[in-house]
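S.K.: Quick one, fold the following:
(one chain, ligands or ions: 1)
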Amino acid sequence: MIHADRLLENFLTILRIDSYYPNEDPVADSLRPELDRLGVQLSVDEHRNVLGYWPGAGALQDREPILLCAHMDTVQPTPDMEPVIRDGTVHSDGSSVLGADDKAAVAAIMEGLSSVADSGAPHRPVEVLFTVGEDVGHIGSKAFDVTPVRSKMAFVPDADGPVGGIMLAAPWSQGKRVVFHGRAAHAGMEPENGRSAISMASRAIDQMQLGRIDEETTANVGIVTGGEAINIIPPEAELSFNIRSLEQSKYESVSAEILDRCQQAAEAFGGHMEVHQINRITGFRFAPDASIIQYAEDAMNAAGIKPWTAVTCGGSDANELNAKGLPTVVISVGYLDIHSNKESMPIDELNRLAEVCAALILVE
Ligand SMILES: [Zn+2]
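M.R.: Sure, this is the predicted structure:
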(Lines give C-alpha, C1' and ligand atoms only; values in the text may rest on other atoms or scores of the structure.)
Protein backbone atom coordinates (compact mmCIF):
# COMPACT_ATOMS: atom_id res chain seq x y z
CA MET A 1 0.00 0.00 0.00
CA ILE A 2 2.80 2.45 0.83
CA HIS A 3 4.82 4.51 -1.68
CA ALA A 4 8.39 3.48 -0.91
CA ASP A 5 10.03 6.17 -3.06
CA ARG A 6 8.07 8.99 -1.44
CA LEU A 7 8.77 7.55 2.01
CA LEU A 8 12.53 7.34 1.45
CA GLU A 9 12.66 10.84 -0.02
CA ASN A 10 10.78 12.30 2.95
CA PHE A 11 12.94 10.37 5.40
CA LEU A 12 16.13 11.75 3.80
CA THR A 13 14.69 15.28 3.82
CA ILE A 14 13.98 15.13 7.54
CA LEU A 15 17.36 13.51 8.29
CA ARG A 16 19.13 16.47 6.64
CA ILE A 17 17.52 18.87 9.14
CA ASP A 18 19.58 19.44 12.28
CA SER A 19 16.77 19.23 14.84
CA TYR A 20 18.56 18.82 18.16
CA TYR A 21 16.44 20.31 20.97
CA PRO A 22 15.23 23.10 20.84
CA ASN A 23 15.53 23.30 17.03
CA GLU A 24 12.76 20.91 15.95
CA ASP A 25 10.54 23.52 14.24
CA PRO A 26 12.02 23.02 10.73
CA VAL A 27 11.00 19.34 10.92
CA ALA A 28 7.43 20.35 11.79
CA ASP A 29 7.49 22.90 8.96
CA SER A 30 8.59 20.26 6.46
CA LEU A 31 5.61 18.05 7.42
CA ARG A 32 3.02 20.80 7.24
CA PRO A 33 2.28 20.89 3.46
CA GLU A 34 1.45 17.17 3.37
CA LEU A 35 -0.59 17.34 6.58
CA ASP A 36 -2.52 20.26 5.07
CA ARG A 37 -3.09 18.32 1.84
CA LEU A 38 -4.53 15.43 3.85
CA GLY A 39 -6.85 17.73 5.79
CA VAL A 40 -5.18 17.16 9.17
CA GLN A 41 -6.24 19.84 11.67
CA LEU A 42 -3.04 21.05 13.30
CA SER A 43 -2.28 22.78 16.55
CA VAL A 44 1.06 23.61 18.13
CA ASP A 45 1.28 23.97 21.91
CA GLU A 46 3.45 26.46 23.79
CA HIS A 47 6.18 23.82 24.08
CA ARG A 48 6.19 23.39 20.24
CA ASN A 49 4.72 19.88 20.26
CA VAL A 50 2.61 19.38 17.12
CA LEU A 51 -0.80 17.72 17.52
CA GLY A 52 -2.92 16.90 14.49
CA TYR A 53 -6.40 15.42 14.09
CA TRP A 54 -7.33 13.64 10.90
CA PRO A 55 -11.05 12.81 10.63
CA GLY A 56 -11.95 9.24 9.74
CA ALA A 57 -13.43 8.22 6.41
CA GLY A 58 -16.06 5.83 5.08
CA ALA A 59 -17.29 2.92 7.14
CA LEU A 60 -14.67 3.50 9.88
CA GLN A 61 -15.20 7.21 10.36
CA ASP A 62 -17.11 6.81 13.63
CA ARG A 63 -14.61 4.41 15.25
CA GLU A 64 -12.44 5.46 18.18
CA PRO A 65 -9.47 7.52 17.05
CA ILE A 66 -5.93 6.31 17.72
CA LEU A 67 -2.86 8.46 18.31
CA LEU A 68 0.53 7.94 16.64
CA CYS A 69 3.47 9.69 18.29
CA ALA A 70 7.15 10.22 17.45
CA HIS A 71 9.81 12.69 18.55
CA MET A 72 11.38 15.16 16.14
CA ASP A 73 14.63 15.78 18.03
CA THR A 74 17.83 13.74 17.93
CA VAL A 75 20.17 12.65 20.71
CA GLN A 76 22.89 15.07 19.57
CA PRO A 77 23.22 17.87 16.96
CA THR A 78 23.66 16.67 13.36
CA PRO A 79 24.84 19.91 11.65
CA ASP A 80 26.88 18.43 8.79
CA MET A 81 25.41 14.94 8.57
CA GLU A 82 24.59 13.80 5.01
CA PRO A 83 22.81 10.44 4.96
CA VAL A 84 24.52 7.77 2.84
CA ILE A 85 22.67 4.84 1.24
CA ARG A 86 24.69 1.63 1.11
CA ASP A 87 23.39 -1.92 0.60
CA GLY A 88 19.76 -0.98 1.07
CA THR A 89 20.44 0.80 4.34
CA VAL A 90 20.55 4.50 5.21
CA HIS A 91 23.71 5.28 7.19
CA SER A 92 25.09 8.37 8.86
CA ASP A 93 28.17 9.79 7.10
CA GLY A 94 29.96 9.28 10.42
CA SER A 95 29.99 12.95 11.48
CA SER A 96 27.15 12.41 13.98
CA VAL A 97 24.23 10.11 14.68
CA LEU A 98 21.87 9.48 11.74
CA GLY A 99 18.72 10.47 13.60
CA ALA A 100 16.61 7.49 12.51
CA ASP A 101 15.76 7.67 16.22
CA ASP A 102 13.11 8.88 15.83
CA LYS A 103 12.85 10.38 12.33
CA ALA A 104 12.23 6.93 10.82
CA ALA A 105 9.05 6.92 12.90
CA VAL A 106 8.12 10.48 11.89
CA ALA A 107 8.51 9.57 8.21
CA ALA A 108 6.69 6.23 8.60
CA ILE A 109 3.72 7.82 10.39
CA MET A 110 3.46 10.43 7.63
CA GLU A 111 3.61 7.74 4.93
CA GLY A 112 1.01 5.71 6.80
CA LEU A 113 -1.43 8.61 6.60
CA SER A 114 -0.54 9.56 3.01
CA SER A 115 -0.85 6.04 1.65
CA VAL A 116 -4.17 5.41 3.41
CA ALA A 117 -5.47 8.69 1.99
CA ASP A 118 -4.25 7.84 -1.51
CA SER A 119 -5.85 4.38 -1.37
CA GLY A 120 -9.26 5.86 -0.55
CA ALA A 121 -9.78 3.08 2.02
CA PRO A 122 -12.15 3.65 4.94
CA HIS A 123 -10.11 4.54 8.00
CA ARG A 124 -10.42 5.56 11.64
CA PRO A 125 -9.90 9.10 12.84
CA VAL A 126 -6.22 9.53 13.65
CA GLU A 127 -4.26 11.88 15.85
CA VAL A 128 -0.56 12.51 15.29
CA LEU A 129 1.72 13.92 17.97
CA PHE A 130 5.23 15.03 17.05
CA THR A 131 7.16 15.94 20.19
CA VAL A 132 10.27 17.95 21.05
CA GLY A 133 13.20 17.22 23.35
CA GLU A 134 12.56 13.52 23.95
CA ASP A 135 16.21 12.56 23.95
CA VAL A 136 17.19 15.28 26.42
CA GLY A 137 14.59 14.14 28.99
CA HIS A 138 11.09 13.76 27.50
CA ILE A 139 10.73 17.54 27.66
CA GLY A 140 7.90 17.88 25.14
CA SER A 141 5.82 14.89 26.19
CA LYS A 142 6.29 15.65 29.89
CA ALA A 143 4.90 19.15 29.37
CA PHE A 144 2.21 18.07 26.88
CA ASP A 145 -1.41 18.61 27.96
CA VAL A 146 -3.43 15.53 26.99
CA THR A 147 -6.80 17.25 27.54
CA PRO A 148 -7.43 17.94 23.82
CA VAL A 149 -6.51 14.37 22.85
CA ARG A 150 -9.55 12.38 21.71
CA SER A 151 -7.85 8.99 21.34
CA LYS A 152 -8.04 6.35 24.05
CA MET A 153 -4.90 4.57 22.91
CA ALA A 154 -1.58 5.64 21.47
CA PHE A 155 1.38 4.03 19.74
CA VAL A 156 4.96 5.28 19.87
CA PRO A 157 7.36 3.70 17.39
CA ASP A 158 10.61 4.24 19.32
CA ALA A 159 12.15 0.92 20.38
CA ASP A 160 14.96 -1.34 19.21
CA GLY A 161 14.42 -4.52 17.30
CA PRO A 162 12.95 -5.61 13.98
CA VAL A 163 9.59 -4.13 13.03
CA GLY A 164 6.78 -6.14 14.62
CA GLY A 165 7.93 -5.64 18.21
CA ILE A 166 5.39 -4.56 20.81
CA MET A 167 6.79 -3.51 24.18
CA LEU A 168 4.57 -4.70 27.02
CA ALA A 169 6.40 -2.73 29.69
CA ALA A 170 8.94 0.01 30.33
CA PRO A 171 10.64 0.65 33.66
CA TRP A 172 9.98 3.03 36.50
CA SER A 173 13.21 4.97 36.82
CA GLN A 174 14.69 7.74 38.87
CA GLY A 175 17.95 9.49 39.63
CA LYS A 176 18.83 10.98 43.00
CA ARG A 177 21.84 12.91 44.29
CA VAL A 178 22.77 12.49 47.94
CA VAL A 179 24.98 15.12 49.60
CA PHE A 180 26.78 14.05 52.81
CA HIS A 181 27.77 16.75 55.26
CA GLY A 182 30.57 16.16 57.75
CA ARG A 183 32.98 18.58 59.35
CA ALA A 184 36.35 19.89 58.08
CA ALA A 185 39.46 19.65 60.27
CA HIS A 186 43.21 19.55 59.74
CA ALA A 187 43.98 15.95 58.94
CA GLY A 188 47.36 15.99 60.69
CA MET A 189 46.77 18.22 63.68
CA GLU A 190 43.20 17.54 64.81
CA PRO A 191 41.61 14.69 62.86
CA GLU A 192 39.44 13.79 65.85
CA ASN A 193 37.51 17.03 65.31
CA GLY A 194 36.66 16.15 61.70
CA ARG A 195 33.74 14.16 60.33
CA SER A 196 34.64 12.62 56.98
CA ALA A 197 31.87 12.93 54.39
CA ILE A 198 33.88 10.66 52.08
CA SER A 199 33.76 7.93 54.73
CA MET A 200 29.98 8.35 54.86
CA ALA A 201 29.64 8.03 51.10
CA SER A 202 31.93 5.03 50.85
CA ARG A 203 30.26 3.22 53.77
CA ALA A 204 26.89 3.85 52.15
CA ILE A 205 28.01 2.50 48.78
CA ASP A 206 29.62 -0.54 50.38
CA GLN A 207 26.32 -1.38 52.08
CA MET A 208 24.19 -1.00 48.94
CA GLN A 209 23.06 -3.73 46.64
CA LEU A 210 24.01 -2.50 43.15
CA GLY A 211 24.04 -3.77 39.59
CA ARG A 212 21.36 -6.26 38.54
CA ILE A 213 19.25 -6.76 41.62
CA ASP A 214 16.84 -9.14 39.91
CA GLU A 215 15.56 -9.87 36.43
CA GLU A 216 13.72 -6.57 36.19
CA THR A 217 15.48 -4.28 38.66
CA THR A 218 18.86 -2.49 38.46
CA ALA A 219 20.67 0.06 40.61
CA ASN A 220 23.80 2.07 39.89
CA VAL A 221 25.90 4.71 41.67
CA GLY A 222 27.24 6.56 38.65
CA ILE A 223 28.93 9.66 40.08
CA VAL A 224 30.92 10.19 43.26
CA THR A 225 32.60 13.47 44.18
CA GLY A 226 34.05 14.95 47.36
CA GLY A 227 36.98 16.30 49.27
CA GLU A 228 39.12 19.42 49.07
CA ALA A 229 42.73 18.54 49.85
CA ILE A 230 44.68 15.54 51.16
CA ASN A 231 45.30 17.27 54.49
CA ILE A 232 41.68 18.28 55.13
CA ILE A 233 39.07 15.90 56.57
CA PRO A 234 36.44 16.15 53.78
CA PRO A 235 33.38 18.12 54.93
CA GLU A 236 31.28 17.26 51.90
CA ALA A 237 30.82 14.35 49.45
CA GLU A 238 28.15 13.42 46.96
CA LEU A 239 26.92 10.35 45.20
CA SER A 240 24.34 10.10 42.43
CA PHE A 241 22.40 6.96 41.71
CA ASN A 242 19.87 5.56 39.26
CA ILE A 243 17.25 2.90 40.00
CA ARG A 244 15.14 1.13 37.39
CA SER A 245 12.54 -1.57 37.68
CA LEU A 246 9.73 -2.95 35.59
CA GLU A 247 7.87 -3.50 38.88
CA GLN A 248 6.80 -0.33 40.65
CA SER A 249 6.88 -1.86 44.15
CA LYS A 250 10.48 -3.09 43.70
CA TYR A 251 11.51 0.26 42.33
CA GLU A 252 10.13 1.93 45.43
CA SER A 253 11.60 -0.54 47.91
CA VAL A 254 15.08 -0.48 46.34
CA SER A 255 15.04 3.33 46.27
CA ALA A 256 14.04 3.46 49.93
CA GLU A 257 16.71 0.93 50.87
CA ILE A 258 19.49 2.91 49.21
CA LEU A 259 18.43 6.07 51.04
CA ASP A 260 18.37 4.09 54.33
CA ARG A 261 21.97 2.98 53.73
CA CYS A 262 22.97 6.60 53.13
CA GLN A 263 21.19 7.75 56.28
CA GLN A 264 22.81 5.04 58.41
CA ALA A 265 26.27 5.83 57.02
CA ALA A 266 25.85 9.56 57.66
CA GLU A 267 24.82 8.87 61.27
CA ALA A 268 27.63 6.35 61.81
CA PHE A 269 30.22 9.03 61.06
CA GLY A 270 28.42 11.84 62.89
CA GLY A 271 27.16 13.70 59.86
CA HIS A 272 23.93 14.26 58.02
CA MET A 273 22.71 14.16 54.45
CA GLU A 274 20.33 15.83 52.05
CA VAL A 275 18.67 14.31 48.99
CA HIS A 276 18.00 15.94 45.61
CA GLN A 277 15.82 14.47 42.88
CA ILE A 278 17.59 14.38 39.48
CA ASN A 279 14.76 12.90 37.43
CA ARG A 280 11.84 10.54 37.67
CA ILE A 281 10.14 8.47 34.96
CA THR A 282 6.87 6.63 35.50
CA GLY A 283 6.89 3.11 34.07
CA PHE A 284 4.07 1.03 32.65
CA ARG A 285 3.09 -2.58 32.12
CA PHE A 286 0.32 -4.10 29.99
CA ALA A 287 -0.96 -7.66 30.17
CA PRO A 288 -0.29 -9.63 26.96
CA ASP A 289 -4.06 -9.83 26.40
CA ALA A 290 -4.74 -6.11 27.04
CA SER A 291 -6.90 -4.62 24.29
CA ILE A 292 -4.18 -2.17 23.21
CA ILE A 293 -1.74 -5.06 22.70
CA GLN A 294 -4.37 -7.04 20.78
CA TYR A 295 -5.00 -3.98 18.64
CA ALA A 296 -1.31 -3.66 17.74
CA GLU A 297 -1.06 -7.38 16.99
CA ASP A 298 -4.14 -7.22 14.73
CA ALA A 299 -2.61 -4.32 12.80
CA MET A 300 0.71 -6.11 12.35
CA ASN A 301 -0.93 -9.32 11.24
CA ALA A 302 -3.01 -7.34 8.74
CA ALA A 303 0.20 -5.77 7.42
CA GLY A 304 1.72 -9.24 7.01
CA ILE A 305 4.26 -8.65 9.76
CA LYS A 306 4.68 -11.18 12.53
CA PRO A 307 4.17 -9.47 15.90
CA TRP A 308 6.46 -10.25 18.83
CA THR A 309 6.36 -8.95 22.39
CA ALA A 310 9.12 -7.93 24.78
CA VAL A 311 9.85 -5.43 27.51
CA THR A 312 12.13 -2.43 27.08
CA CYS A 313 14.59 -1.09 29.63
CA GLY A 314 14.61 2.40 28.13
CA GLY A 315 12.28 5.35 28.58
CA SER A 316 10.34 7.16 25.84
CA ASP A 317 7.43 9.53 25.27
CA ALA A 318 5.21 6.51 26.01
CA ASN A 319 6.17 6.71 29.71
CA GLU A 320 4.90 10.29 29.88
CA LEU A 321 1.67 9.64 27.97
CA ASN A 322 0.87 6.61 30.13
CA ALA A 323 1.61 8.66 33.26
CA LYS A 324 -0.97 11.20 32.02
CA GLY A 325 -3.59 8.48 31.66
CA LEU A 326 -3.37 7.82 27.91
CA PRO A 327 -2.65 4.09 27.43
CA THR A 328 0.39 4.04 25.15
CA VAL A 329 2.49 1.23 23.75
CA VAL A 330 5.98 1.41 22.28
CA ILE A 331 6.61 -0.49 19.07
CA SER A 332 9.92 -1.29 17.42
CA VAL A 333 11.35 0.81 14.58
CA GLY A 334 14.07 -1.42 13.14
CA TYR A 335 16.78 1.22 13.56
CA LEU A 336 20.29 -0.04 14.40
CA ASP A 337 23.12 1.26 16.62
CA ILE A 338 21.16 4.31 17.79
CA HIS A 339 22.91 6.97 19.87
CA SER A 340 26.15 6.29 17.96
CA ASN A 341 27.70 7.57 14.72
CA LYS A 342 27.17 4.07 13.28
CA GLU A 343 23.39 4.50 13.52
CA SER A 344 21.58 3.18 10.44
CA MET A 345 18.12 2.36 9.12
CA PRO A 346 17.45 -0.53 6.71
CA ILE A 347 15.11 0.73 4.00
CA ASP A 348 12.96 -2.41 4.01
CA GLU A 349 12.40 -1.93 7.75
CA LEU A 350 11.38 1.67 7.08
CA ASN A 351 8.85 0.38 4.56
CA ARG A 352 7.55 -2.21 7.01
CA LEU A 353 7.15 0.40 9.73
CA ALA A 354 5.10 2.58 7.37
CA GLU A 355 2.93 -0.47 6.54
CA VAL A 356 2.36 -0.97 10.27
CA CYS A 357 1.41 2.70 10.72
CA ALA A 358 -1.07 2.41 7.83
CA ALA A 359 -2.45 -0.83 9.27
CA LEU A 360 -2.95 0.75 12.71
CA ILE A 361 -5.27 3.29 11.06
CA LEU A 362 -7.18 0.63 9.16
CA VAL A 363 -8.01 -1.76 12.03
CA GLU A 364 -11.75 -2.43 12.00
ZN1 LIG B 1 13.95 7.86 20.47
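S.K.: Quick check: residues of the stretch 151-300 of the chain near the ion?
M.R.: Asp158 (C-beta under 5 Å from the ion). For the C-beta atoms, the positions are set from N, CA and C on the backbone; glycine is no exception.
S.K.: In three-state terms, label the residue in the stretch 151-300 of the chain positioned nearest to the ion for me.
M.R.: Taking C-beta to the ion, the ion has its nearest neighbour within the stretch 151-300 of the chain at Asp158, 4.3 Å off. Of the three states, Asp158 takes strand under DSSP: H, G, I helix; E, B strand; the rest coil.
S.K.: Low-confidence stretches in the stretch 51-200 of the chain?
M.R.: Within the stretch 51-200 of the chain, not a single segment meets pLDDT under 70.
S.K.: What segments of it are helices?
M.R.: Along the stretch 51-200 of the chain, counting by DSSP state H, counting those that start in this stretch, helices occupy 100-119, 139-143, 197-207.
S.K.: Check those helices for me and report the most buried one.
M.R.: Highest mean neighbour count of these: helix 100-119, a mean of 25 (counted as mean count of other C-beta atoms under 10 Å).
S.K.: near the ion, which residues of the stretch 1-150 of the chain?
M.R.: Counting by C-beta under 5 Å from the ion, the positions of the stretch 1-150 of the chain adjacent to the ion are 101-102.
S.K.: quick one on the thing from earlier: please convert the helices of the stretch 51-200 of the chain to CSV, extending it with distance to Thr74.
M.R.: Formatted as CSV, the helices of the stretch 51-200 of the chain follow (distance: least, C-beta to C-beta, whole Å):
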stretch, distance to Thr74
helix 100-119, 7
helix 139-143, 13
helix 197-207, 35
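S.K.: nearest to Ile223, of those helices?
M.R.: Ile223 lies closest to helix 197-207 among these, at 10.8 Å (C-beta to C-beta).
S.K.: Going by neighbour count, which residues in the following helix or strand past that closest one are buried?
M.R.: Note on helix 197-207: by DSSP states H and E, the next helix or strand toward the C-terminus is strand 211-214. Counting neighbours by 16 or more other C-beta atoms under 10 Å, one finds that the buried residues in strand 211-214 are Ile213.
S.K.: Over to stretch 311-328?
M.R.: 311-312, 314-324, 326-328.
S.K.: got it, and stretch 163-178?
M.R.: 163-176, 178.
S.K.: where does the residue nearest the centre of the chain land on pLDDT?
M.R.: Central residue of the chain (C-alpha atoms, centre = their mean): Ser316, 1.8 Å from the mean position. On pLDDT, Ser316 comes in at 96.
S.K.: That one: what's its closest spatial neighbour, skipping adjacent residues?
M.R.: Spatial nearest neighbour of Ser316, excluding adjacent residues (C-beta to C-beta, 6 or more residues apart in numbering): Asp158 at 4.6 Å.
S.K.: And Leu129, by the same measure?
M.R.: What sits nearest to Leu129 in space, not counting adjacent residues and going by C-beta to C-beta, 6+ apart, is Cys69, at 4.1 Å.
S.K.: if I read this right, that neighbour contacts Val329, doesn't it?
M.R.: No. Contact between Cys69 and Val329 fails when scored by C-beta atoms under 8 Å: they sit 10.5 Å apart.
S.K.: who's more crowded, those two?
M.R.: Legend: neighbour count by other C-beta atoms under 10 Å for Cys69 and Val329, higher for Cys69 (33 against 26).
S.K.: Surely Leu38 touches Val116?
M.R.: No. Using C-beta under 8 Å, Leu38 makes no contact with Val116, being 9.1 Å away.
S.K.: So which of the buried residues of stretch 163-178 is the closest to Glu216?
M.R.: The closest of those to Glu216 turns out to be Pro171 (C-beta to C-beta; 7.5 Å).
S.K.: Would you enumerate the residues in contact with the closest one?
M.R.: 216, 244-246, 251, 281, 283, 312-313, 315 (C-beta atoms under 8 Å, 6 or more residues apart in numbering).
S.K.: Separate out the buried members of the residues you listed.
M.R.: Using 16+ other C-beta under 10 Å as the burial test, the contacts of Pro171 include 216, 244-246, 251, 281, 283, 312, 315 as buried.
S.K.: Now secondary structure too, for these, in a markdown table please.
M.R.: What follows is the buried ones among the contacts of Pro171, written out as a markdown table (three-state DSSP):
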| residue | secondary structure |
| --- | --- |
| Glu216 | coil |
| Arg244 | strand |
| Ser245 | strand |
| Leu246 | coil |
| Tyr251 | helix |
| Ile281 | strand |
| Gly283 | coil |
| Thr312 | coil |
| Gly315 | coil |
